[in-house]
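In: Need coordinates for the following:
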Amino acid sequence: MINKIIVLCSVLFFTLYTYAQQGDSKFFGEQFEIQILDEQKLDKIDVFDDAANPIQIKGKIISSCAKKGCWINMDIDGNSLFVKFKDYGFFVPTSGLEGKSTIVNGKLSVDTLTVETLRHYAEDDGRSQNEILAIKEPKVTFSFLADGVYIQ
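Out: Numbers count the residues shown, from 1 in each chain. Next comes the predicted model:
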């Protein structure tokens, strides 16, 4: 009798868990408690404070890596933010994310992307060979290393 109750409870738990995962919103990587995100300004964040706690940034997805889903590009109030995923520990869908709202949790930094890296990202993005070869200079940019992503 106890075994039947345990089996029934297990089936019920997994059914409810599966049903909850079928919603439109989903976490990738580590789940995190979503903070209320008021007006956010990238220029107000101290990117040189290594001791800073992870931050959350909200925006719309512009594009994602079409090969593996190992990065996304976000629009934050008209500014583009490149988001990589910590230790390649998780991936997002490779298509269908454009225009969706997202919240990323992690660390913001200033990076200099080499020509080789920029060309690699352009190739991942499905750009033409001419567009890839037109990249001839490194780029200084904000980048974000996310340990978790929430996509609505």
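In: residues touching residue 94, list them.
Out: Neighbouring residues of residue 94 by Cβ atoms under 8 Å, 6 or more residues apart in numbering: 64, 65, 66, 67, 68, 69. Quick note: C-beta positions are derived from backbone N, CA and C, even for glycine.
In: for residue 70, same thing?
Out: Residue 70 neighbours (Cβ under 8 Å, 6+ apart): 84, 85, 88, 91, 124.
In: Now which of the residues you listed would you call buried?
Out: 84, 85, 91, 124 (16 or more other Cβ atoms under 10 Å).
In: The residues you listed in helices, which ones?
Out: The helices, defined by DSSP state H, take in residue 124 from those.
In: Can you tell me which of the buried ones among the contacts of residue 70 is nearest residue 131?
Out: residue 124 (12.5 Å; Cβ to Cβ).
In: list the contacts for the closest one?
Out: 65, 66, 67, 68, 70, 71.
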